[in-house]
Every structure is written in structure tokens, then in C-alpha cells.
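Asker: model this:
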Amino acid sequence: MFGKKETKIEIGDRFVKADELKTVWVVSGRGSSVVPIPHFQVVREGYESRVRTLSEQVLLDSQYYVRVK
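Answerer: Got it, this is the predicted structure:
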């Protein structure tokens, strides 16, 4: 549907921080299934040793992260 915000996160999706558009973070896996909010592991593109675990809520909030192609 037009104007619908993508809400599903898949392995391989790419994001940049809203305030730092040069560094790309790639979704590499799901985080802990113990917590009620889904989490995802992201790695810095080109620096796979840089890993973060972020909530789905944060990744989909355009104030924090923006999906890129």
C-alpha cells in the first residue's frame, strides 16, 4: 500500500543512524528470544567485528535509524 512504512526486518537489511549517515549497519541475526520486544544483531558494513544488538523498535524509529537500500 502507498505510504506504508516497512515494519518487517529481515537478515541483510541495511540501516544508517539518523544522525550519522555514512556508517551502514547490516542486520546479521536475531537477538535474544527471551525478551518480549524482538531484537536484532547488526554489524558495521566493512567491519564485521563491530556488532550491536538493537531492538526492533529502535531500528524502525526514524529518529534513530533509517533503512537504506
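
Asker: beta-bridge partners for residue 20, please?
Answerer: Here residue 20 sits in beta bridges with residue 17, going by DSSP bridges.

Asker: quick one: it and residue 65, what's the gap?
Answerer: Noted for residue 20: a distance of 10 Å to residue 65, by CB to CB, to the nearest Å. Glycine gets a C-beta too; all of them are placed from N, C-alpha and C.

Asker: and for the residue nearest the centre of the chain, nearest residue in space, chain neighbours not counted?
Answerer: The C-alpha lying nearest the average C-alpha coordinate of the chain belongs to residue 59 (CA atoms, centre = their mean; 4.4 Å). Of all residues not flanking residue 59 in the chain, residue 65 sits nearest, at 5.1 Å (CB to CB, 6 or more residues apart in numbering).

Asker: so who does the one you found touch?
Answerer: Each residue near residue 65 by CB atoms under 8 Å, 6 or more residues apart in numbering is listed here: 15-18, 25, 54, 58-59.

Asker: and which of these is nearest residue 8?
Answerer: Looking at the contacts of residue 65 and their distance to residue 8, the nearest is residue 59, at 11.0 Å (CB to CB).

Asker: so who does the closest one touch?
Answerer: 9, 15, 27, 40, 42, 65.

Asker: tally of neighbours for the first one?
Answerer: Applying other CB atoms under 10 Å, we find 18 other residues in the vicinity of residue 9.

Asker: equivalent analysis for the third one, please.
Answerer: Residues contacting residue 27 under the criterion other CB under 10 Å number 19.
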